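Colleague: sharing a model prediction with you, sequence too.
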Amino acid sequence: MEMTINFPGGLKVDAHFGPYKVETDQPDRSGAPGSAPTPFATFLASIGTCAGIYVLGFCNQRGLSTEGIQIKQRMLSNAFTGMVGKIELEIQVPPDFPEKYYPALVRSAEQCAVKKHFENPPEFAVFTKVVEPATV
């Protein structure tokens, strides 16, 4: 997979891949929110939405309704580094959701590919390349 990252103006940075565009923005100097989530917020949201895909798949495979199910994601910061030190995913289910599926629901969310990449992080290579402007 390849993504193209560009800079449409202001504090915006967008990612393009396939037919998709993911927009990000930063708060302005006054702290007012941007027109889109920050890149870091988008990154964090990918964890919960990925877990959600697995919860959705689990329920769909068993004919269980997802009505009333939601995932609460909490990021707990390390007091010394200020970085996220722990991420909690609380799968909230309605009272009529069968209790026998609770452990399996957790196991399904734990299959999230984003979470697995945290557990076995990829190697990063960052470099510069000169590219001549395209001629028309």
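Modeller: Looks like it came in fine.
Colleague: pretty sure Lys72 contacts Val93?
Modeller: No. Assessed by C-beta atoms under 8 Å, Lys72 is found out of contact with Val93, at 11.6 Å. Using the backbone N, CA and C atoms, a C-beta is placed for each residue, glycine as well.
Colleague: host element of the residue lying closest to Thr4 once chain neighbours are set aside?
Modeller: Of all residues not flanking Thr4 in the chain, His16 sits nearest, at 4.7 Å (C-beta to C-beta, 6 or more residues apart in numbering). Per DSSP states H and E, His16 falls inside strand 12-17.
Colleague: just the C-alpha atoms of that strand, please, in CSV.
Modeller: Provided in CSV are the C-alpha atoms of strand 12-17 (Å, rounded to 0.1, in the frame of the first residue of the first chain):
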residue,chain,number,x,y,z
LYS,A,12,-3.9,20.9,7.2
VAL,A,13,-2.2,17.7,6.2
ASP,A,14,-4.1,15.1,4.1
ALA,A,15,-3.4,11.5,3.3
HIS,A,16,-4.6,10.0,0.0
PHE,A,17,-4.8,6.3,-0.8
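Colleague: can you find the helix or strand of the protein with the lowest average pLDDT?
Modeller: helix 113-119 (a mean of 92; mean pLDDT, DSSP states H and E).
Colleague: what sits up against that one?
Modeller: For helix 113-119, contacts defined as C-beta atoms under 8 Å, 6 or more residues apart in numbering pick out Ser46, Ile47, Cys50, Ala51.
Colleague: which stretch of helix or strand covers the second one?
Modeller: The one in question is Ile47. helix 39-62.
Colleague: sheet partners, orientation included, of the helix or strand just after that helix?
Modeller: Using DSSP H and E, the next helix or strand after helix 39-62 towards the C-terminus is strand 70-77. Paired strands of strand 70-77, with direction, are strand 84-92 (antiparallel) (DSSP bridges).
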